[in-house]
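Undergrad: sequence below, structure please.
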Amino acid sequence: MLTILCISSYEKGFDFMREAKAQGCRVVLLTSKSLENADWPRESLDEIFYIPDKNKDWNMQDVIYGVSYLARTEQIDRIVALDDFDVERAASLREHLRIAGMGDTTARHFRDKLAMRMVAKEKGIPVPEFLHILNHKKINEFADHVPFPYMIKARMLAGSYGLKKVHNKQEMWDRINYLADEQSFFLMERFVPGSIYHVDTIINEREVVFGLTSKYGTPPFEVAHQGRVFTSLTLDSKSEEAKEVLELNKKTLNALGLLRGVSHSEFIRAEDGKLYFLETSARVGGANLSSLVEAASGVNLWREWAKIEILNGEKPYKLPKVNSDFAAILTSLSKQEWPDLDAYNDPEVVWRLKKEYHAGLIIKSSNKKRINQLVGEYTTRFYNDFFATAKMGERPSD
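TA: Prediction:
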């Protein structure tokens, strides 16, 4: 019997654990002490271990000590990070225990926004001009030659945390000086306006076996920092638009060295039509995008990831039947604690978000025009019925 150690500092990955258990594995969860009362799928977990945490920060020495102690009596066969913030933790544990899987160097390609850009650029993948915030002379030279505005980004935070848009040298240096000793943990990148795509992918033995392209209605940065209704719509996989994004995604994952698992990657088509790589990850996409993927394709990314981890390249993997429906997701902060979505009762509604002070739903149809129509109508209604906004912090714990 295989033993899989799942690491998650957030409440997610339930279907991964359920599938691993259904496949006959012993499933052990390592999570934050603050999530002790979370609604974990305990029927699928053999043991749960808790790490003391402050704002979800873990002391890695304690983690290594704890897991090494566990390994005295437990044969750990796989270590899987279920959240972006756990990718390097899992890599460090694999390195220390010499367990197969992604090590520290490759993990950097999927967590460190500077590392992934550097590797992509070396491999000829188009990326917006960027610079490590390190040498001040080079920063001034960059600012003299690359047009503003810039995005100043944290190298290791996920999503839109730590992002700051600057429009001139004064704002740039104000932000850099504000970062003080943290400067080297950030990068600076030319802001490219355009349409942002995300590709949710399954990879097995370096081969992309499944990929679904979607397009955000409003860029996530604007949603997070300016307050907007979040939307994303799946694309027709046969369209030239989707094919171009899928091809660049394949080249990117190959360049960064992902052997097996899942990935959520983002790309942007600039106003001049050029397609750029923005960032990637070795995990299932957040913001309920896995539910969007499942609505459109019938593919549960969490469950397929579990199967691939168990197979470990030793036996062939078979992708389940893939549907070709269209789907869209809409979510928003809500002014009501438990918003009433009953009035959104069109037959295309297949999923509703159940989360305090949030409104959200997913729609599905074989007719793309119908999806576009409903997204337009529902977005307007969300603003009227639910929409609220809140300032985003520098870090997830803020």
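Undergrad: name the residues of stretch 86-102 that are buried.
TA: 86-95, 99, 101-102 (16 or more other C-beta atoms under 10 Å). All C-beta spots, glycine's among them, are computed from the backbone N, C-alpha and C.
Undergrad: flag the shaky bits of this structure, pLDDT-wise.
TA: Along the chain, the parts satisfying pLDDT under 70 run over 55-56, 158-161, 224-225, 391-398.
Undergrad: rewinding a little: out of the buried residues of stretch 86-102, who's nearest residue 70?
TA: residue 93 (10.5 Å; C-beta to C-beta).
Undergrad: quick one: contacts for that closest one?
TA: 5, 7, 63-64, 67, 79, 99 (C-beta atoms under 8 Å, 6 or more residues apart in numbering).
Undergrad: which two among these are spaced furthest apart?
TA: Farthest pair in these, by C-beta to C-beta: 63 and 99, 14.1 Å.
Undergrad: hang on, the earlier thing: which among the contacts of residue 93 count as buried?
TA: Buried, going by 16+ other C-beta under 10 Å: 5, 7, 63-64, 67, 79, 99, out of the contacts of residue 93.
Undergrad: can I get those residues in TSV including secondary structure?
TA: Shown next, in TSV, are the buried ones among the contacts of residue 93 (DSSP: H, G, I helix; E, B strand; the rest coil):
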residue	secondary structure
5	strand
7	strand
63	helix
64	helix
67	helix
79	strand
99	coil
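Undergrad: output those as TSV; include the columns distance to residue 118.
TA: Converted to TSV, the buried ones among the contacts of residue 93 look like this (distance: C-beta to C-beta, whole Å):
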residue	distance to residue 118
5	31
7	26
63	28
64	28
67	31
79	26
99	27
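Undergrad: go through the residues you listed and name the one nearest residue 373.
TA: residue 7 (42.0 Å).
Undergrad: if we ignore the residues flanking it in sequence, what's nearest that closest one?
TA: residue 86 (4.5 Å; C-beta to C-beta, 6 or more residues apart in numbering).
Undergrad: repeat that for residue 244.
TA: residue 275 (6.1 Å).
Undergrad: next one: stretch 148-167 to chain centre, how far?
TA: On the basis of C-alpha atoms, centre = their mean, to the nearest Å, stretch 148-167 sits 16 Å off its chain's mean C-alpha point.
Undergrad: pull the number of nearby residues for the nearest residue in space to residue 39 that is not next to it in sequence.
TA: Closest residue in space to residue 39, ignoring its immediate chain neighbours: residue 11 at 7.1 Å, by C-beta to C-beta, 6+ apart. The number of residues packed near residue 11 is 14, by other C-beta atoms under 10 Å.
Undergrad: and the gap between the most centrally placed residue in the chain and residue 201?
TA: Among the residues of the chain, the one closest to the centroid is residue 285, at 3.6 Å (C-alpha atoms, centre = their mean). Taking C-beta to C-beta, to the nearest Å as the measure, residue 285 falls 10 Å from residue 201.
Undergrad: domain assignment for the chain?
TA: 3-101, 129-190, 194-385 (automatic domain parsing).
Undergrad: just tell me which of these ends up closest to residue 114.
TA: Using C-beta to C-beta, those put domain 129-190 closest to residue 114, at 4.7 Å.
Undergrad: start and end of the closest one, how far apart?
TA: Using C-alpha to C-alpha, to the nearest Å, the end-to-end distance of domain 129-190 comes to 6 Å.
Undergrad: what about residue 242, which helix or strand?
TA: In this structure, residue 242 sits in helix 240-256 according to DSSP states H and E.
Undergrad: which other residues reach whichever helix or strand comes after that helix?
TA: Next in sequence after helix 240-256, counting helices and strands by DSSP H and E, comes strand 261-270. Applying C-beta under 8 Å, 6+ apart, the external contacts of strand 261-270 come out as 102, 110, 128, 192-203, 245, 248-249, 252-253, 275-286, 289, 301, 304-305, 308-309.
Undergrad: again with stretch 351-371
TA: With C-beta under 8 Å, 6+ apart as the test, stretch 351-371 has contacts from 233, 236, 288, 291-292, 295-296, 324-339, 341, 344, 346, 348-350, 374-375, 378, 382, 385-386, 388.
Undergrad: in the stretch 151-300 of the chain, which spans are strands?
TA: 164-166, 186-190, 194-204, 207-216, 230-234, 261-270, 275-279 (DSSP state E, counting those that start in this stretch).
Undergrad: next, format these as CSV and append distance to residue 25 and mean neighbour count.
TA: CSV is the format used below for the strands of the stretch 151-300 of the chain (distance: least, C-beta to C-beta, whole Å; neighbours: other C-beta atoms under 10 Å):
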stretch, distance to residue 25, mean neighbour count
strand 164-166, 43, 19
strand 186-190, 39, 21
strand 194-204, 18, 22
strand 207-216, 21, 20
strand 230-234, 31, 23
strand 261-270, 16, 22
strand 275-279, 31, 20
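Undergrad: okay, these in a markdown table with distance to residue 124 next?
TA: As requested, those are exported to a markdown table (distance: least, C-beta to C-beta, whole Å):
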| stretch | distance to residue 124 |
| --- | --- |
| strand 164-166 | 28 |
| strand 186-190 | 18 |
| strand 194-204 | 19 |
| strand 207-216 | 18 |
| strand 230-234 | 28 |
| strand 261-270 | 15 |
| strand 275-279 | 11 |
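Undergrad: of all the ones you listed, which one is nearest residue 50?
TA: strand 261-270 (25.3 Å).
Undergrad: around the residue nearest to residue 112 when sequence neighbours are not counted, count how many other residues there are.
TA: Using C-beta to C-beta, 6+ apart and skipping residues adjacent in sequence, the residue nearest residue 112 is residue 155, 5.0 Å away. Using other C-beta under 10 Å, the number of residues around residue 155 comes to 19.
Undergrad: surely residue 155 meets residue 116?
TA: No. Assessed by C-beta atoms under 8 Å, residue 155 is found out of contact with residue 116, at 9.5 Å.
Undergrad: show me the strands in the stretch 1-150 of the chain, by range?
TA: 3-8, 26-32, 47-51, 78-81, 130-132, 150-154.
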